[in-house]
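Asks: Sequence first, predicted model second:
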2 protein chains.
Amino acid sequence: MANKATSIDIAYRAGVSQSTVSRALRDSPLVSEETKERIKAIARELNYKVDKNASNLRTQNSHTLALLLCEDPTNDDSLINPFFLSMLGSITRATAKQGYDLLISFQQLSSDWHADYEDSNKADGIILLGYGDFVDYEHKLERLLSQNTHFVIWGAEHNKSSVASVACDNQQGGLIATEHLISLGRREFAFLGDASSHSPEFRDRYLGHVRALKNAGLAVDKRRQVDAISTENAGFEAANMLIRKGAHFDAIFAASDLIAVGAIRALKEAGLRVPEDVAVVGYDDIPVASFANPPLTTIKQNTQLAGEMLVESLLKLIRGEKVPPKLIPTSLVVRKSCGIDL
Amino acid sequence: MANKATSIDIAYRAGVSQSTVSRALRDSPLVSEETKERIKAIARELNYKVDKNASNLRTQNSHTLALLLCEDPTNDDSLINPFFLSMLGSITRATAKQGYDLLISFQQLSSDWHADYEDSNKADGIILLGYGDFVDYEHKLERLLSQNTHFVIWGAEHNKSSVASVACDNQQGGLIATEHLISLGRREFAFLGDASSHSPEFRDRYLGHVRALKNAGLAVDKRRQVDAISTENAGFEAANMLIRKGAHFDAIFAASDLIAVGAIRALKEAGLRVPEDVAVVGYDDIPVASFANPPLTTIKQNTQLAGEMLVESLLKLIRGEKVPPKLIPTSLVVRKSCGIDL
DNA sequence: CTGAAAGCGCTTACAG
DNA sequence: CTGAAAGCGCTTACAG
């Protein structure tokens, strides 16, 4: 590889000082238009690009954000939660739009976080996506907080108000999903998904679900809530358990689409028809949802907006501004699994 | 944020020179064990991390790779080709395993590439994923080549042997998919997907498909090949066109799973049963494939291996080694859409 | 508007 | 085994 051109090379050719080159390329008003043009032309000709390591070292910021994607321990090695992938797309776009680069890292949940991007000046801040067990997660957040790292988390509002967060309104999602089923005449509900504080997002969906039931004067039967992590298999097992217990239900609200798809499989195998016997609603609107059989009614999170807000909040934090937690409303996507005639 | 500790701070506390600190932290054999321990302990205590900008500037390499994901212009804005996402996962992992960071960027195909990661010393090399139109793509590759950028491409073998590439064996994939259908008694084949030089991967799948037909002494009917880009809609349209033309066929080999899923929808709407009347095989094994109705028989690419090889090839290139193009064998995933009784 | 100079925080020859 | 010093390529006060 030919030696890269430096600002000194350009200065030499342009017959100016290196400082002037640096100013010209950064469009400083201190340089005359004429000189600027000459310098820029030479820079283009030499295919010159400012050395980021040098400029970052000098200015002490990296113009780079880091995205830490924590994988669910439950997914197989090569599979990423499809919902996160959708977020990844919007985060990448939002980061680029702001003129930042994005460093990405997948972390095993088990392992200790390698979250020293900011300490090593590789990134100005960190976006955290996914956590596995929320209780463990909080300890890690504590450490980031104590190290004054700039970071913003996706998913659940943290009880420490000092943690910046962006989340979709999971309670509202659970509410509208359940209200929809109620409006279609369903009365006996099952909820599939962990409803404990270990999974605050699922728990909030559950809380919204319960609120809708209460608003409608319907019974909340704890025996029809079955824990499940977000996999097709867990959904299958959870629905099977309900069926084996002989539980009565005419609707299932699943805390995620994968759970819903697994549940549908279990229902079918048990000879139950979806949606005639049991209506099913999922959560996330992953691509699989529209191809499920029947196509899955689900709650869609606005990942586009979410990505933008995560990036925006993080940049504000870096600039030293305050950022209140953000809550994004969700929307209902009606397909056939809820029993409506499309 | 408290001022970050530097190697000088540590030197001061340890009562040694800054050079010794630097050596100790890099585990240089020139430093006594005892001194090393002392220095490392202080570094931990101060939460010290080597400043990457400074060290990269000094050593003139970034220990970072860049991933350029070029989106298909055909996908809607927030949706990424699910196959690429699976690659992304394995590339991220492989990069981390080698101790490198990964910078990621989504490029619009229309826009001019912003591929100056290496020129600005932000990355030591680039992995290119996706391209849209291959003919346009090649011009861009020319430029990278002329700038002596280190890069490796995924997908098709480039006719310039100087371009490092990793690809799955698309011809072999097309061959085994078609052979499988033939072994199940299918005789009249349609192929859905662009078979021109604008989509070399699809074309190779088509070539393998044709080879299998010829090997079996079956007719190759050009009228049963319909161009389609890799979307569900394009597959739907392509299959509809075949049906409207009154083409006879008892099997469809689709160049991608999305095309296959769209084709199945068209077949069903036309009152054709899958697989009884028409068997369908796709390509990629995206998550949707197993949830399609009927579940889709498809060709699986080993994304895990592919990601590792891309990273490995790129690192070799950076080290100045030669890298021959790599071809990874594919495998058949049999589900119900091909007509086998599972 | 321009230049000379300092300095960001490291790594690494050079000298001991 | 250790230290003093140079230098990676920028940005930006300071002086003119």
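Replies: Cool, the structure landed. For clarity, every value in this text was computed on a predicted model and none was experimentally measured.
Asks: could you pull out the strands for the stretch 51-200 of chain A?
Replies: For the stretch 51-200 of chain A, the strands defined by DSSP state E, counting those that start in this stretch cover A:64-70, A:101-107, A:125-129, A:151-154, A:164-168, A:189-192.
Asks: Not counting its own residues, what contacts the fourth one?
Replies: Residues from elsewhere that reach strand A:151-154, judged by CB atoms under 8 Å, 6 or more residues apart in numbering or on different chains: A:87, A:115, A:125-131, A:141, A:144, A:163-167, A:306, A:310, A:313-314, A:317, A:323. Quick note: C-beta positions are derived from backbone N, CA and C, even for glycine.
Asks: In ChimeraX, select just the buried ones from those.
Replies: Of those, the buried ones go into a single ChimeraX selection, burial set by 16 or more other CB atoms under 10 Å in any protein chain shown:
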select /A:87,115,125,126,127,128,129,130,131,141,144,163,164,165,166,167,306,310,313,314,317,323
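Asks: Give me the subset of the contacts of strand A:151-154 that also touch DNA strand D.
Replies: Contacts with DNA strand D are made by none of those, judged by CB under 7 Å from any atom of the strand.
Asks: Establish whether the lowest-mean-pLDDT helix or strand in chain A and chain B are in contact.
Replies: Among the helices and strands of chain A, helix A:134-146 carries the lowest confidence by mean pLDDT, DSSP states H and E, at a mean of 79. No: Helix A:134-146 lies out of reach of chain B by CB under 8 Å from any CB of the partner chain, never closer than 9.3 Å.
Asks: so which of the strands of the stretch 51-200 of chain A gets nearest DNA strand C?
Replies: strand A:64-70 (16.1 Å; CB to the nearest atom of the strand).
Asks: Residues touching that closest one, excluding its own?
Replies: For strand A:64-70, the external contacting residues (CB under 8 Å, 6+ apart) are A:80, A:84, A:88, A:91, A:95, A:100-109, A:113, A:115, A:117-118, A:122-132, A:311, A:314, B:92, B:103.
Asks: so A:Ala239 sits right up against A:Glu269, yeah?
Replies: No: look at A:Ala239 against A:Glu269 with CB atoms under 8 Å: they stay out of range, at 9.3 Å.
Asks: Comparing the two, which shows the higher neighbour count?
Replies: Between A:Ala239 and A:Glu269, counting by other CB atoms under 10 Å in any protein chain shown, A:Ala239 is the more crowded of the two (32 against 12).
Asks: That one: helix or strand, and which one exactly?
Replies: Assigned by DSSP states H and E, A:Ala239 belongs to helix A:232-244.
Asks: so how far is that helix off the chain centroid?
Replies: 26 Å (CA atoms, centre = their mean, to the nearest Å).
Asks: Sheet partners, orientation included, of the following helix or strand past it?
Replies: Once the chain leaves helix A:232-244, the next helix or strand it forms, by DSSP H and E, is strand A:251-254. Within its sheet, strand A:251-254 is paired with strand A:189-192 (parallel), strand A:279-284 (parallel), according to DSSP bridges.
Asks: average model confidence for the first one?
Replies: Meaning strand A:189-192. What strand A:189-192 shows for mean pLDDT is 95.
Asks: What is the subsequent helix or strand relative to that strand?
Replies: helix A:200-215.
Asks: Extract the CA atoms of that next one and return them as CSV.
Replies: Extracted in CSV, the C-alpha atoms of helix A:200-215 (Å, rounded to 0.1, in the frame of the first residue of the first chain):
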residue,chain,number,x,y,z
PRO,A,200,-39.6,-6.4,33.2
GLU,A,201,-40.8,-6.0,29.6
PHE,A,202,-42.8,-9.2,29.7
ARG,A,203,-44.1,-8.2,33.2
ASP,A,204,-45.3,-4.9,31.9
ARG,A,205,-47.1,-6.6,29.0
TYR,A,206,-48.7,-8.8,31.6
LEU,A,207,-49.7,-5.8,33.7
GLY,A,208,-51.3,-4.1,30.8
HIS,A,209,-53.1,-7.4,30.0
VAL,A,210,-54.4,-7.6,33.6
ARG,A,211,-55.5,-4.0,33.5
ALA,A,212,-57.6,-4.6,30.3
LEU,A,213,-59.2,-7.6,32.0
LYS,A,214,-60.1,-5.7,35.1
ASN,A,215,-61.4,-2.8,33.1
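Asks: how many degrees apart are it and strand A:279-284 in direction?
Replies: 140 degrees (axes from the mean of the first three to the mean of the last three CA atoms, to 10 degrees).
Asks: Now tell me what touches helix A:200-215 from outside.
Replies: In contact with helix A:200-215 (CB under 8 Å, 6+ apart) are residues A:134, A:155-157, A:167, A:170-179, A:182, A:189, A:191, A:193-197, A:219-220, A:225, A:253, A:255-256, A:283.
Asks: Also stretch A:262-278?
Replies: A:192, A:228, A:231-240, A:243, A:249-252, A:254, A:280, A:292-294, A:296, A:336-339.
Asks: Work out for me the element A:Ser28 sits within.
Replies: Using DSSP H and E, no helix or strand contains A:Ser28.
Asks: how many other residues sit next to it?
Replies: By other CB under 10 Å, neighbour count at A:Ser28 equals 12.
Asks: Likewise for A:Ile182?
Replies: Look at A:Ile182: counted by other CB under 10 Å, it has 18 neighbours.
Asks: Just confirm it contacts A:Ala216, I think it does.
Replies: Yes: A:Ile182 lies in contact with A:Ala216 (CB under 8 Å); the separation is 5.0 Å.
Asks: Pull out the buried positions in stretch A:147-164.
Replies: Buried, per 16+ other CB under 10 Å, within stretch A:147-164: A:149-158, A:163-164.
Asks: how far out from the middle of the chain is it?
Replies: Centre to centre, stretch against its chain (CA atoms, centre = their mean), the figure for stretch A:147-164 is 14 Å.
Asks: How about stretch A:12-22?
Replies: That offset, for stretch A:12-22, works out to 45 Å (CA atoms, centre = their mean).
Asks: Ends of that stretch, what's the gap?
Replies: Start-to-end span of stretch A:12-22 (CA to CA, to the nearest Å) is 13 Å.
Asks: swap in stretch A:107-120?
Replies: End-to-end distance (CA to CA), stretch A:107-120: 18 Å.
Asks: Give me the average confidence score over it.
Replies: The average pLDDT for stretch A:107-120 rounds to 68.
Asks: same thing with stretch A:314-321?
Replies: On average, stretch A:314-321 scores 90.
Asks: list the buried ones in that stretch?
Replies: A:314-318.
Asks: Let's see which of the residues you listed end up in strands.
Replies: With strands taken from DSSP state E, there is no overlap with the buried residues of stretch A:314-321.
Asks: Skipping its backbone neighbours, what lies nearest A:Tyr137 in space?
Replies: A:Tyr131 (3.8 Å; CB to CB, 6 or more residues apart in numbering or on different chains).
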